[in-house]
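Asks: sharing a model that was predicted from the sequence below.
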Amino acid sequence: MAMDEHTDITTDATTDVTADRTEDVAALAGSDDVTRYPIAPGYRVNVRTGPGTKYGIVRTLPYGMKVPVYCQKPGERVTGPYGTSNLWDNIANGQFVADAYVHTGSDGYIAPRCD
């Protein structure tokens with residue numbers, strides 16, 4: 001019975017993530033000049049309302065997702081597959097992911113600092 005409960009939760013979360021991803025793609029459809037960076041393979045990364053793990057989770061990115069980085073902001077230091085960093089990437093209005101999970105090709109800023 002516990003297995004069925006877990007399956008239901010996973011299915012619901014996947015449906016919500018797919019809907020969010022579709023909305024994000026539609027919102028950015030007119031901006032072809034935006035560079036997108038891949039999330040580390042094998043990771044589903046939490047998107048948060050601010051630059052740290054104490055901020056609320058907005059959604060979770062699916063495997064294989066690429067994200068735009070509009071600006072970056074210092075925050076909580078996080079260790080991920082691409083090292084340890086206090087940089088957080090703004091991927092949409094009020095949405096941040098830890099840069100340590102995004103393959104930007106740099107350990108420093110690749111976008112302007114967020115205000």
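Replies: Arrived safely, thanks for sending.
Asks: where do the strands sit along this protein?
Replies: 36-38, 46-48, 57-60, 66-68, 71-80, 83-92, 95-98 (DSSP state E).
Asks: closest one to Tyr109 among the ones you listed?
Replies: Closest of these to Tyr109 is strand 71-80, at 5.4 Å (criterion: Cβ to Cβ). Any C-beta I mention is one placed from the backbone N, CA and C, and that applies to glycine too.
Asks: which other helices and strands contact that closest one?
Replies: strand 83-92, strand 95-98 (3 or more Cβ pairs under 8 Å, 6 or more residues apart in numbering; DSSP states H and E).
Asks: any chance of a markdown table for the strands of the chain, columns distance to Cys114 and mean pLDDT?
Replies: Formatted as a markdown table, the strands of the chain follow (distance: least, Cβ to Cβ, whole Å; pLDDT from 0 to 100):
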| stretch | distance to Cys114 | mean pLDDT |
| --- | --- | --- |
| strand 36-38 | 16 | 98 |
| strand 46-48 | 13 | 98 |
| strand 57-60 | 16 | 97 |
| strand 66-68 | 13 | 98 |
| strand 71-80 | 4 | 98 |
| strand 83-92 | 5 | 97 |
| strand 95-98 | 9 | 98 |
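Asks: and these: which comes nearest Pro112?
Replies: strand 71-80 (5.0 Å).
Asks: that closest one: how far from the chain's middle?
Replies: 12 Å (Cα atoms, centre = their mean, to the nearest Å).
Asks: list the contacts of Phe96.
Replies: Counting by Cβ atoms under 8 Å, 6 or more residues apart in numbering, Phe96 makes contact with Val47, Arg48, Thr49, Gly50, Pro51, Tyr55, Lys73, Gly75, Trp88, Asp89, Asn90.
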